[in-house]
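Undergrad: All I have is the shape, not the residue letters:
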């Protein structure tokens, strides 16, 4: 290998070569611009931007990353110990740690570890405390109380990687070691055994996707190319990553020299077939002799001496391959990033379109399809409910006028029966009868008001509640709520109104009677008894009125049917006859008043019904207006989002075309760099 490989100048040269061959910076700038233009979700934008930054950091990182992959008992730990020239990692066949262990160069031997469910980063050794007294020692004592915590770093590392109560809790582990093999930037990543717990495939896949330049896949010569290993590789790695694997057949010192070539040919052929690789790189290696020499233990014969001498040459070829394959690795990372970005953006746009389509379908399904028919149905239902309310109101107040008439007639009859003179009769008709008529009407007005408004407002509330329920159900489908103000109740009739109208009717009917009776006087000397003759005076009074049209009442000719009948009767009758005629005409007057009262009550019901019907109708119309406005807003928002999506789709289409061109460029670079990275080129 070139001497400058471990110098700063050599590393800078390698960075320049990578940049020149891959045009990585340009591709990354394009990816970053594409993400910023097309990704709307801030969390996803941050994730994709972080991936771009990781590749930028990886591009500036001039170290070599070697992933060590293999089943337990394949010799992974022994191989790594040989690279470190120290018997450091335990070689137990028990599957323990499920985390990838990163081994980098450091001036002093140290470990850095994080545990699952614990965000603390433990470094050992650290400070003046060691063993069980150190922070890491206390954590180890918590995980395995019965296990003594060693003072030396190697002992702590063995607990972290091999102890069954501790290793499964390790989330990440980094080892810093002063080994000479690590000085020029080699980073070893020890992945979990491929035949261990579930989830290790994901760890290995992440290492190869994000970190490793080359993978050393170890398979023991005593059980070469097991199906479980090849299945793991095809599941965890894509074809580009598989092409960056070198197959190391370990424990070759256990194989007779005459069988080596046949064994290697068999392994090469089997991996080629199982992995779909034309000419996989297969290298023999025996790491145990190297570890034995590094630790001062004697070798087991000349066979081990051969493999101890061969190991540095194998390592040199591996380094050379890593140097050249690193460019391929960066290209792979970049290509996957572009592909992932494009796929992610495509999925995002597709999902956004699906969401819009689903929302549109939901809106179309939720909105009222036939608004005119819906409103007609609401008006029809409310009219039915208000009609029923009007019927209840009519039933409640329909008998009040007849009841009033019967009661008031009886009271006036008693007053008339008690009148013994025309003056008293006049007082009944002019004063007492109006009092009797008026005194019950305010109460009747209040009862009518209460009965009518109660029946119709209750019907209105029921009708509005039905409208509310119908529209709120429609709003709920839209995902919204509309609240409309309630209207105040109506005053349709008062007792004062009834009394004023009744008195006007009464006065219009009895004015002439009152004046006639006021003119009646008993003849001089006549007895003031109910049977006294009063006809002479009335004859004189009516004579003045009819013949000469003179006197105080000359302007009231004909006074009306009631007056004429009373006057005619008084010509030849006594007080009893006058009282009876007054009673008859009063009954008729009361009937007229009662009819007017009944008409007022009926009009009150009609007025209230009209008012509440209009109120409910306006309630429906207000709901319709707010509902249609809500739908219009939802439709406008949907169209706005469709426009945004169309713009993003256009951007994505443009990015797709550019990405296809860049994909072709990167693939061409990968092919060229892969050929450059093959052994022997």
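TA: Alright, I've got the coordinates. All figures in this text were calculated on a predicted structure; none of them were measured in a lab.
Undergrad: Could you list the low-confidence segments of this structure?
TA: For the chain, residues meeting the criterion pLDDT under 70 lie at 1-23, 38, 40, 92-98, 194-200, 480-499, 501-573, 669-681.
Undergrad: in it, which residue is closest to the centre?
TA: Relative to the mean C-alpha position of the chain, the nearest C-alpha, by CA atoms, centre = their mean, is the one of residue 479, at 10.6 Å.
Undergrad: Distance-wise, check that one relative to residue 359.
TA: Counting by CB to CB, to the nearest Å, the separation of residue 479 from residue 359 is 10 Å. Just so you know, the C-beta spots here come from the backbone N, C-alpha and C atoms, and that holds for glycine as well.
Undergrad: same check, this time on residue 180
TA: Computed as CB to CB, the residue 180 to residue 359 distance reads 64 Å.
Undergrad: ok, the two, which is more surrounded?
TA: Neighbour comparison, residue 180 and residue 359: the larger count goes to residue 359, with 16 against 12 (by other CB atoms under 10 Å).
Undergrad: What does the more buried one show for phi and psi?
TA: Main-chain dihedrals, residue 359, degrees, to the nearest 10: phi -70, psi -40.
Undergrad: now residue 126, nearest residue through space, not along the chain?
TA: residue 134 (6.6 Å; CB to CB, 6 or more residues apart in numbering).
Undergrad: Please, where are all the strands along this protein?
TA: 64-70, 101-105, 110-115, 118-124, 170-177, 186-190, 214-220, 245-250, 281-284 (DSSP state E).
Undergrad: Would you tell me which of the ones you listed gets closest to residue 257?
TA: Relative to residue 257, the nearest member of the strands of the chain by CB to CB is strand 281-284, separated by 10.9 Å.
Undergrad: Tell me the strands beside the closest one, with direction?
TA: Partner strands for strand 281-284, per DSSP bridges, with pairing direction: strand 245-250 (parallel).
Undergrad: mind checking how far the partner strand is from the chain centre?
TA: For strand 245-250, the distance between its averaged C-alpha position and the chain's averaged C-alpha position is 52 Å (CA atoms, centre = their mean, to the nearest Å).
Undergrad: contacting residues around stretch 32-50?
TA: Taking contacts as CB atoms under 8 Å, 6 or more residues apart in numbering, the residues outside stretch 32-50 that touch it are 52, 341, 344-345, 348-349, 648, 651-652, 655, 658-659.
Undergrad: what's the straight distance from one end of it to the other?
TA: Distances were taken as CA to CA, to the nearest Å; on that basis the terminal residues of stretch 32-50 are 10 Å apart.
Undergrad: If you count neighbours, what's buried in it?
TA: By neighbour count, and taking 16 or more other CB atoms under 10 Å as the criterion, the buried residues in stretch 32-50 are 32, 34-35, 38-39, 48.
Undergrad: Stretch 68-84 now?
TA: Buried residues in stretch 68-84, defined by neighbour count with 16+ other CB under 10 Å: 68-84.
Undergrad: Then stretch 50-67?
TA: Using 16+ other CB under 10 Å as the burial criterion, the residues of stretch 50-67 that qualify are 51-52, 55, 58-59, 61-67.
Undergrad: As a check, name the ranges of all helices in the stretch 101-250 of the chain.
TA: Counting by DSSP state H, counting those that start in this stretch, the segments of the stretch 101-250 of the chain that form helices are 135-143, 153-162, 200-210, 227-236, 239-242.
Undergrad: Identify, out of those helices, the most deeply packed stretch.
TA: Per residue and on average, the most neighbours among those fall to helix 153-162, with a mean of 20 (mean count of other CB atoms under 10 Å).
Undergrad: Relative to the whole chain's centre, how far out is that one?
TA: Average the C-alpha atoms of helix 153-162, do the same for its chain, and the two points are 49 Å apart (CA atoms, centre = their mean).
Undergrad: Show me what the spatially closest residue to residue 285 that is not a sequence neighbour is bridged to.
TA: Once flanking residues are discounted, residue 285 sits nearest to residue 248: 4.9 Å by CB to CB, 6+ apart. Applying DSSP bridges to residue 248 yields these beta-bridge partners: residue 218, residue 283.
Undergrad: what's the neighbour count on residue 248?
TA: A count of neighbours around residue 248, defined by other CB under 10 Å, yields 27.
Undergrad: Check residue 324 too.
TA: Summarising burial for residue 324: neighbours were counted as other CB under 10 Å, giving 21.
Undergrad: and if you look at residue 444?
TA: A count of neighbours around residue 444, defined by other CB under 10 Å, yields 22.
Undergrad: Okay, the residue nearest to the centre of the chain and residue 367: tell me how far apart.
TA: Distance, residue 479 to residue 367, by CB to CB: 11 Å.
Undergrad: CSV for the helices of the stretch 101-250 of the chain, including distance to residue 472?
TA: What follows is those, written out as CSV (distance: least, CB to CB, whole Å):
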stretch, distance to residue 472
helix 135-143, 58
helix 153-162, 63
helix 200-210, 50
helix 227-236, 55
helix 239-242, 59
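Undergrad: do you know which of those helices lies nearest residue 383?
TA: Taking CB to CB as the measure, the helices of the stretch 101-250 of the chain were each checked against residue 383, and helix 200-210 came out nearest at 68.6 Å.
Undergrad: How about residues contacting that closest one?
TA: Applying CB under 8 Å, 6+ apart, the set of residues contacting helix 200-210 from outside is 54, 67, 69, 98-100, 189, 191-194, 215, 232, 235-237, 241, 244, 333, 336.
Undergrad: repeat for stretch 402-411
TA: By CB under 8 Å, 6+ apart, stretch 402-411 touches 436-437, 440-441, 444, 586-587, 590-591, 593-594, 597-598.
Undergrad: now, which of the residues you listed lie within helices?
TA: Within the contacts of stretch 402-411, membership in helices is found for 436-437, 440-441, 444, 586-587, 590-591, 593-594, 597-598, as judged by DSSP state H.
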